[in-house]
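> Just need the structure, nothing else, for what follows:
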Amino acid sequence: MKQTVCLISFSPIAYDARVLRQIKFLLPHYDLIVLGYGDPPALLAPHPGVRWISIAQPNWRPLRRLANLGLFLRMGHYWSTFYYLWHMSLNSARDAQRKAGKLRCDVVHANEWEALPLAADLAQRNNCPLVFDAHEYSPLQFTTGSLASRLFAPAISYILHTYGPQVTASTTVCEPLAERYRTEFQLDPMVVMNAPEYREVEGADHPVDPERVRLIHHGAAMRGRCLETMIEIIALCDHRFSLDFMLIGNPAYVVELTKLAQEIAPNRVRFLNPVQPHQIQKTIMKYDLGFCYIYPSNYSYLVSLPNKFFDFIHAGLAVCIGPSPSMVALGQQYGFTVVAPSFAAKDVAVTLNALDAERITVLRRAARQAAAQLNAEVELTKLVQIYQRLLSHG
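Below you'll find the model as predicted:
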């Protein structure tokens, strides 16, 4: 009989690429209980080895809830216990706690900091190990100096300091983040990069049209990522460049971006419907460049190695980036990136304008070669080995 892993993620599971990959690679070895938002993905929903438990998504709309949020977080500056009370005031946390109440498992997996309090409690009740996937650097995930940063950063730090000592093993997405978790929270994360599974991409070697260079950006529509700057960049580029977005979440922000695109880059920027993670590679391989411009509005964005970066590599695209150190390092190692000297729109536009079809073709060929080494088969073997080590006594 297989041992059981309980994975808790306060995210829409069907669109959380990192979590979906973890589920897929753990399934051959363990039975899984997965708590998260929404319905499970169609490809995994009927699997007999997975029990899916849908939890309520947070309700931020009522003014009273927002007022309570502000009160709890402000009080937390004086009495840190209020940070825990704030977390448990969220309807999503309460629903997850209720549904996880009597679950039995051999190890608990917390996906990001939001899941740590519940995961730690469940691990304690089951007397089992706790694995924490930190992803990026949670305390600084909000725009530096913003109200959200001032309110949430101390609360997140409190949760990490409170429940971190109970963590048996941890992971994060790149070495600078791992080092910061070691220094500030005495965790020792293993680096597991956000790379997808390796597949031979049929049709990825299409010729580059020198008169029509197509860029793609996909991911969350988050204001802190300054997506409007990418539109400004396209407006400054030669007319041979166009950009497609595939964004999820924050429809109001997408409306603003659409209006801006119509005003300053008419007919050169489109907004397409998002696809599920397993469809991304096939969907984007028709493009020439992945636009992985991540404005460093916080520390995590500065050092990030996001899913989209690896999606672009595996789709056989050249990748345009700003001077983001982690991405620059991998790009230099494998030779598939074009790097702007700064994050300023003008500098990125000048960098793109200097490209020709021959150079893009060379970069795309390097991306396809890099995919054979930067992939989930390599990275998630590390996670499986963590579990095998923790559960070897069984």
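> Burial check on the closest residue to Asp311 other than its chain neighbours, number of neighbours?
Closest residue to Asp311 apart from its sequence neighbours, by C-beta to C-beta, 6 or more residues apart in numbering: Ile280 at 5.1 Å. Every C-beta, even on glycine, is put in place using the N, C-alpha and C of the backbone. Using other C-beta atoms under 10 Å, Ile280 is surrounded by 23 other residues.
> immediately after the helix or strand harbouring Ile280, which helix or strand?
For Ile280, the host element (DSSP states H and E) is helix 277-284. Under the assignment DSSP H and E, the closest C-terminal helix or strand after helix 277-284 is strand 289-291.
> Counting by contacts, list what that following strand packs against.
Using 3 or more C-beta pairs under 8 Å, 6 or more residues apart in numbering; DSSP states H and E as the contact test, the elements touching strand 289-291 are strand 213-220, helix 307-314, strand 318-321.
> ok, now with 7 Å
Contact here means 3 or more C-beta pairs under 7 Å, 6 or more residues apart in numbering; DSSP states H and E; on that basis strand 289-291 packs against strand 213-220, strand 318-321.
> Parallel or antiparallel, list what pairs with the shortest one.
Put plainly, it is strand 318-321. Within its sheet, strand 318-321 is paired with strand 289-291 (parallel), strand 337-339 (parallel), according to DSSP bridges.
> mind listing the strands for the stretch 1-150 of the chain?
4-12, 31-37, 50-55, 107-111, 130-133 (DSSP state E, counting those that start in this stretch).
> Skip the chain neighbours and tell me the closest residue to Met193.
Of all residues beyond its chain neighbours, the one nearest Met193 is Glu379 (4.9 Å), with distances taken as C-beta to C-beta, 6+ apart.
> That should have said Ala115, apologies.
Ile8 (4.1 Å).
> Val191 is in contact with the residue nearest to Met193, correct?
No: at 8.4 Å, Glu379 does not count as touching Val191 under the criterion of C-beta atoms under 7 Å.
> if we can go back for a sec, show me what the mean pLDDT comes to for the helix holding Ile280.
For helix 277-284, mean pLDDT rounds to 90.
> Point out the other helices and strands that it packs with.
Partner elements for helix 277-284 (3+ C-beta pairs under 7 Å, 6+ apart): strand 213-220, helix 307-314.
> Return the most buried member of those.
For those, the largest average neighbour count (mean count of other C-beta atoms under 10 Å) is found in helix 307-314, namely a mean of 26.
> Tell me which residues are up against that one.
Residues outside helix 307-314 that contact it (C-beta atoms under 7 Å, 6 or more residues apart in numbering) are 17-18, 193-196, 218-219, 280-281, 284, 290, 292, 319, 327, 336, 367, 370-371, 374.
> again with stretch 102-121
With contacts defined as C-beta under 7 Å, 6+ apart, stretch 102-121 is touched by 3-11, 19, 33, 84, 87, 93, 96-97, 100, 122-123, 126, 128-135, 138, 156, 159-160, 163, 166, 387, 390-391, 394.
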